[in-house]
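Trainee: next input, structure requested:
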Amino acid sequence: MKHQIIFFLLLFVHLCKAQISMKGYLTEMPSVLYNNATEDVWMDNLVHNRLNFSWMPHENIDVALELRNRYMWGETIKAFPGYDKLIDHDAGWVDMSYNLSSGEDYVLNTFVDRFSFQYSKGKFQARVGRQRINWGMGMVWNPNDIFNSYSYFDFDYVERPGVDGVRLQYYTGYSSALEFAYKIDYLDRISSAVKYQFNKWGYDYQFLAAYYNDEDWVLGAGWSGDIKGAGFYGEVSYFYPKDENGYPQKALVGTLGANYTFKNSLMLQSEILYSSNIKNSFNSLAGFYLFDASVKRLSISDFTWFSSVSYPFTPLFNASFSYMGFPGVNAHYVGPTIDYSLHDNVSLSLVGQYFAVKVNSERQNNVSLFLRLKWNF
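Mentor: A predicted model of the protein is given here:
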């Protein structure tokens, strides 16, 4: 299957090379991680290249091909046997992740996370293939986004992964639309949903009904607007298991958030998440940092709250500070970030991530620092 995918990708580039448009970026990011429990200090490096191709063979047809290439090496890979298999994993129905080369302390991987065909005619749009289906209205957590959940901590992957499926949209008015989406994953599990969105009284609303991962029936709603200049938004989803006597359990997941930008461009943001199915059981710091986020498990605590502040000191220099608390498991996260624009398309960022949790009366800390040089083209 992988050889067939490579053939079609090469054929795509060959057929449309005269009309294709391309953009992307290249980053160089060394990092250091310290764990107080083991007193380990790990030095790593990541070279990350993204290529986004677009082709319009007809005014009604748009073809998208996007991929990320990563060359990573360092002590983290060496410390975790099988790390290369984790990098090579593709959650989509079609496996389009390839380790081109790997060794004891390095991995070279290419991953196609977008490959889709869109047809548009009047008020109707249809997209088939690997794509991102983002139904979230929140800034940090998205209980309505049953197709593309992601981890907030993965700051270097701003595009987020896509899914293999179909998306149909019909715009019933200037700000209203009816939408249907369907996906299938690497375990052949199916998710499908219908959503209606509209604007009323200055707010955007959405309502959805879904079938999730062959396990749950879902009802959800979300809104986004403002109160006296402050952004106000929220989402809620209720999951009811298809098999009442089996696994999984019923779950109510909801988030509520607000943000405000002052005249001097200082921005404050806060958001709270509730998950009825989280039992507040936690065993390790690695599980805290690397837990597999899904729409039913967006956190490790029943209540989670987030706050952040950001301020552009100059047009070229911006700083931000974020905090996430997990009171149910006595854990928290702190994330300071500094961004500086070196040129029109070149930026330098310093990102810190501090995780702390108390496990069996012992405090475990994990500190990471990332220095990222990024060139957009």
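
Trainee: leaving aside the residues adjacent along the chain, what's closest to residue 266?
Mentor: Excluding its sequence neighbours, the residue lying closest to residue 266 (CB to CB, 6 or more residues apart in numbering) is residue 311, at 4.8 Å. (C-beta placed from N, C-alpha, C; glycine too.)

Trainee: tell me which element that neighbour is part of?
Mentor: Assigned by DSSP states H and E, residue 311 belongs to strand 303-314.

Trainee: which strands and helices lie in contact with that strand?
Mentor: Strand 303-314 makes packing contacts with strand 267-275, strand 317-326 when contacts are defined by 3 or more CB pairs under 8 Å, 6 or more residues apart in numbering; DSSP states H and E.

Trainee: give me the angle between whichever helix or strand comes after the last one and strand 317-326.
Mentor: The one in question is strand 317-326. Next along the chain after strand 317-326, taking DSSP H and E as the criterion, comes strand 331-343. Orientation of strand 331-343 against strand 317-326 (axes from the mean of the first three to the mean of the last three CA atoms, to 10 degrees) gives an angle of 170 degrees.

Trainee: sorry, back to before: distance to residue 125 added to the helices and strands packed on strand 303-314, as a markdown table?
Mentor: Putting the helices and strands packed on strand 303-314 into a markdown table (distance: least, CB to CB, whole Å) gives the following:
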| stretch | distance to residue 125 |
| --- | --- |
| strand 267-275 | 30 |
| strand 317-326 | 35 |
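
Trainee: indicate which one of these is closest to residue 171.
Mentor: For the helices and strands packed on strand 303-314, the distance to residue 171 is smallest for strand 267-275, at 29.3 Å, taking CB to CB.

Trainee: outside of that closest one, which residues touch it?
Mentor: The contact list for strand 267-275 (CB atoms under 8 Å, 6 or more residues apart in numbering) reads 138-141, 251-261, 296-299, 301-311.

Trainee: kindly recompute the last result at 7 Å.
Mentor: By CB atoms under 7 Å, 6 or more residues apart in numbering, the residues outside strand 267-275 that reach it are 138-141, 251, 253-261, 298-299, 302-310.

Trainee: among those residues, name the buried ones.
Mentor: Neighbour-count burial (16 or more other CB atoms under 10 Å) applied to these gives 138-141, 251, 253-260, 298-299, 302, 304-306, 308, 310.

Trainee: now, which of the residues you listed lie within strands?
Mentor: Using DSSP state E, the members of these that fall in strands are 251, 253-260, 304-306, 308, 310.

Trainee: list the buried residues in stretch 354-363.
Mentor: Neighbour counts over stretch 354-363 (16+ other CB under 10 Å) mark 354, 355, 356, 357, 359 as buried.

Trainee: same question, stretch 155-166
Mentor: Within stretch 155-166, the residues that count as buried by 16+ other CB under 10 Å are 156, 161, 162, 163, 164, 165, 166.

Trainee: what does stretch 257-277 give?
Mentor: Applying 16+ other CB under 10 Å to stretch 257-277 flags 257, 258, 259, 260, 269, 270, 271, 272, 273, 274, 275 as buried.

Trainee: low-confidence bits of the stretch 1-150 of the chain, can you list those?
Mentor: Low-confidence segments of the stretch 1-150 of the chain, defined by pLDDT under 70: 1-18.

Trainee: ok so, going back, how about the buried residues of stretch 354-363 in a markdown table, adding pLDDT, distance to residue 27 and secondary structure?
Mentor: Listed next are the buried residues of stretch 354-363 as a markdown table, based on pLDDT from 0 to 100; distance: CB to CB, whole Å; DSSP: H, G, I helix; E, B strand; the rest coil:
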| residue | pLDDT | distance to residue 27 | secondary structure |
| --- | --- | --- | --- |
| 354 | 95 | 22 | strand |
| 355 | 92 | 23 | strand |
| 356 | 90 | 28 | strand |
| 357 | 85 | 29 | strand |
| 359 | 72 | 34 | strand |
